[in-house]
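Asker: Turn this into a model:
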Amino acid sequence: MKDLVISSSKLKKEILFFAVCFVAAFIINIIAVIIYKTPWYEMFTQIGYVLVITLVIYFMVILFRVIILLIKKLFVRKS
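Answerer: Numbers count the residues shown, from 1 in each chain. A predicted model of the protein is given here:
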């Protein structure tokens, strides 16, 4: 069975995408704390929800990237 090798540049790129998704989810949490006027410690006690939102955003980004890849493969033909 072959080993799966992931290059460090691709791994860094995926970590960056995930980090951006986490920051976006954390900002959404901060905005929710401000809008609903809840205590500020809820920014940290609700970290589980932030991680779930992070995963949802990340999978949406992956879906978007796959759609773009499929469109590129459909319209770009190799000579």
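Asker: Which strands and helices lie in contact with the helix or strand of the chain with the lowest mean pLDDT?
Answerer: Counting by mean pLDDT, DSSP states H and E, the chain has its least confident helix or strand at helix 42-45, which shows a mean of 91. Identification of packing neighbours for helix 42-45 by 3 or more CB pairs under 8 Å, 6 or more residues apart in numbering; DSSP states H and E yields helix 8-35. In this view, the C-beta of every residue, glycine as well, is placed from N, C-alpha and C.
Asker: The helix it packs on: which residues count as buried?
Answerer: Neighbour-count burial for helix 8-35, counted by 16 or more other CB atoms under 10 Å, picks out 21-22, 24-26, 29, 33.
Asker: likewise stretch 41-58?
Answerer: 46, 50, 53-54, 57-58.
Asker: Going by distance to residue 39, which of those wins?
Answerer: Residue 39 lies nearest to residue 46 out of these, by CB to CB, at 10.9 Å.
Asker: mind showing which ranges of this structure have poor pLDDT?
Answerer: Where the chain drops to pLDDT under 70, the residues are 78-79.
Asker: now whichever strand or helix holds residue 56 and helix 8-35, what's the angle there?
Answerer: With secondary structure defined by DSSP states H and E, residue 56 is part of helix 47-75. Using axes from the mean of the first three to the mean of the last three CA atoms, to 10 degrees, the direction of helix 47-75 lies 130 degrees away from that of helix 8-35.
Asker: who touches the least confident helix or strand of the chain?
Answerer: With CB atoms under 8 Å, 6 or more residues apart in numbering as the test, helix 42-45 has contacts from 26, 29-30, 33.
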